[in-house]
Each structure stands twice: as C-alpha cells, then as structure tokens.
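J.: pasting the sequence and the predicted coordinates here, then a few questions.
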Amino acid sequence: MSRLDSSLRQAHLLMDLGLSVSRLTKKVQLRGAGGWGDPLARDPERVLKDVLDEKLTHEYARREYGVAIDVEAQKVFVGGVSAAPLV
C-alpha cells in the first residue's frame, strides 16, 4: 500500500468517526534559521533590525550574537557607547 493510499484511508476513517481532518493539523512556525558563518561576526545593525522586527529578543541577541541592544532607544551598544539607531 502506498503512503498516499494509507493517508486517504486514515482520512476516510476519521471522517467516518465524525472528526475533521483539518482539526488534526497543526502549523508550527519558528523564527530564525540555521544560517551560516560565525554568529559573533554578524553585523550588529542587522541584529538590531531583527530585534526591532521582533524576530529576536534583545536577550537572545546578547547571548547568541554578542550584541547589546537598548530596546527603548533602539540603539546598539558598542563598547559601552550606544550607536546611532537603525532607520
């Protein structure tokens, strides 16, 4: 029996039981990806943009990318001094 035949049989069984196939489907969407290269070498302004776009938290940016961000001021701290905000 093919995988498609098996899936169809399962769908028909669920429908016979009065269950919705769509209710059994879950969608999981995660932020980020594997990427490549050294995360510590990533441009701090790009990390800031990801934080401002809510793709990363400022805690994650600090821990994984070594980039300290002042979220309220929307600036990257470089050597203890904040840089100009990303526009």
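T.: All right, it came through fine.
J.: how many neighbours does the residue lying closest to residue 68 once chain neighbours are set aside have?
T.: Spatially, and ignoring its direct neighbours in sequence, residue 68 is nearest to residue 77 (4.0 Å; Cβ to Cβ, 6 or more residues apart in numbering). For glycine as for every other residue, the C-beta is placed from the backbone atoms N, C-alpha and C. Neighbouring residues of residue 77 were enumerated by other Cβ atoms under 10 Å; the total is 15.
J.: what's whichever strand or helix holds residue 77 packed up against?
T.: Secondary structure assigned from DSSP states H and E places residue 77 in strand 75-78. In terms of contacts (3 or more Cβ pairs under 8 Å, 6 or more residues apart in numbering; DSSP states H and E), strand 75-78 is packed against helix 44-52, strand 68-70.
J.: buried stuff in the first one?
T.: Okay, so that is helix 44-52. Neighbour-count burial for helix 44-52 flags 44, 47-48, 50-51 (criterion: 16 or more other Cβ atoms under 10 Å).
J.: and the average pLDDT for that helix is what?
T.: The predicted model assigns helix 44-52 a mean pLDDT of 94.
J.: export the helix or strand that it is followed by to PDB, keeping only CA atoms.
T.: Past helix 44-52, further along toward the C-terminus, the next helix or strand under DSSP H and E is helix 58-65. C-alpha atoms of helix 58-65 as PDB (Å, rounded to 0.1, in the frame of the first residue of the first chain):
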ATOM      1  CA  HIS A  58      17.300  41.500  23.000                       C
ATOM      2  CA  GLU A  59      18.400  38.800  25.400                       C
ATOM      3  CA  TYR A  60      18.900  36.300  22.500                       C
ATOM      4  CA  ALA A  61      20.800  38.900  20.600                       C
ATOM      5  CA  ARG A  62      23.100  39.500  23.500                       C
ATOM      6  CA  ARG A  63      23.600  35.800  24.200                       C
ATOM      7  CA  GLU A  64      24.000  34.400  20.700                       C
ATOM      8  CA  TYR A  65      25.300  37.300  18.700                       C
END
